[in-house]
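A.B. asks: Need a 3D model of the following:
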Amino acid sequence: MATIIDGKSLANELNKKTKLEVEQLKKKGIVPGLVVIIVGEDPASKIYVRNKQRKAEQLGIYSVVEEAPSTISEEDLIGIVQKYNQDPAIHGILVQSPLPKTMDEPRVTRTILPEKDVDGFHPVNVGRLFANLKGDYPIACTPRGIMTMLKHYEIPMEGKNAVVVGRSNIVGRPMMALLNNANATVTLTHRFTSNLSQYTQNADILVVATGVRHLIKADAVKPGATVIDVGMDRDENGKLTGDVDFDHVKDVAGFITPVPGGVGPMTIATLMQQIVELAKWSD
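C.D. replies: Predicted structure coming up:
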């Protein structure tokens with residue numbers, strides 16, 4: 001029976017530290033500031049944005065939500081980003097994905113100043129991560145939160161076989177870089193990978209981020225492996241579940257994250273952590 005990685009509890013610990021850091025910065029006259037820019041009326045996006053704003057306010061972070069209609073032009077959206085680039089009260093800028101399909105989302109992301117890129121998606125920050133450069137720069141929040149979990153549970157990475165399933169710029173690719181930087185031997189797999197299980201069965205650390213419900217079954221997992229489920233899917237009854245068949249995989253794995261209560265809370269907690277860091281680094 002696997003040890004359940006309690007992301008909710010760990011996120012609460014991280015949020016307490018972040019709140020203390022906010023209070024310390026305020027004594028120096030610095031109030032960490034976040035703006036979330038949302039385009040259109042996507043219900044899921046609105047929920048995500050509301051959760052981020054609520055958490056920021058709980059921690060004492062100055063939070064702004066800039067809402068734009070789905071009819072806004074790409075140039076006008078870039079103008080909004082540039083306005084906050086120049087705003088000294090804002091330390092972190094987040095453009096909520098997805099944007100309308102008519103827009104060049106990477107171009108909008110590139111408009112954010114690297115030093116205000118709280119999501120860690122700007123090519124400059126991605127390049128720093130892949131080059132394993134020292135120094136202060138933001139990293140994609142979900143992979144960074146996963147690394148915090150692995151370190152907290154003292155799960156060894158050096159010399160271990162790590163397999164990442166899914167190659168998005170949000171999770172898979174930066175996760176690969178972080179594990180590689182921690183001296184794991186990393187394989188990045190995706191929808192075109194033939195015989196996926198031959199890779200997952202050899203993984204000491206398995207990170208799954210595909211959006212395919214219960215893609216990973218018990219027979220695809222190495223006994224004793226650490227299994228990190230980034231999926232946020234719904235079953236036929238509308239219940240939240242993940243990319244891993246948790247009920248069966250937990251009997252094989254050594255460590256496993258649940259859905260919900262695993263990676264999700266750590267993503268938002270890491271986002272708040274990075275806003276405060278961006279504020280500190282700007283001082």
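A.B. asks: what does the helix or strand bottoming out on mean pLDDT in the chain contact?
C.D. replies: Ranking every helix and strand in the chain by mean pLDDT, DSSP states H and E puts strand 233-234 at the bottom, with a mean of 90. Applying CB atoms under 8 Å, 6 or more residues apart in numbering, the external contacts of strand 233-234 come out as 211-214, 240-243, 259. Backbone N, C-alpha and C define where each C-beta goes, glycine included.
A.B. asks: hmm, try it at 6 Å
C.D. replies: Strand 233-234 has contacts (CB atoms under 6 Å, 6 or more residues apart in numbering) with 213, 241.
A.B. asks: what do you get for stretch 249-263?
C.D. replies: By CB under 6 Å, 6+ apart, the surrounding residues in contact with stretch 249-263 are 2-5, 7-8, 218, 221, 223-230, 240-242.
A.B. asks: quick one, strands of the protein?
C.D. replies: Using DSSP state E, the strands of the chain run over 3-4, 33-39, 62-68, 92-95, 161-165, 185-189, 205-208, 226-229, 233-234, 240-241, 255-256.
A.B. asks: Reformat those as TSV; add mean neighbour count and distance to residue 174.
C.D. replies: Formatted as TSV, these follow (neighbours: other CB atoms under 10 Å; distance: least, CB to CB, whole Å):
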stretch	mean neighbour count	distance to residue 174
strand 3-4	14	25
strand 33-39	23	20
strand 62-68	17	25
strand 92-95	26	16
strand 161-165	25	10
strand 185-189	19	11
strand 205-208	28	11
strand 226-229	28	14
strand 233-234	14	21
strand 240-241	16	24
strand 255-256	22	21
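A.B. asks: now those strands as TSV including distance to residue 138?
C.D. replies: Listed next are the strands of the chain as TSV, based on distance: least, CB to CB, whole Å:
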stretch	distance to residue 138
strand 3-4	29
strand 33-39	12
strand 62-68	17
strand 92-95	8
strand 161-165	20
strand 185-189	21
strand 205-208	20
strand 226-229	21
strand 233-234	27
strand 240-241	28
strand 255-256	27
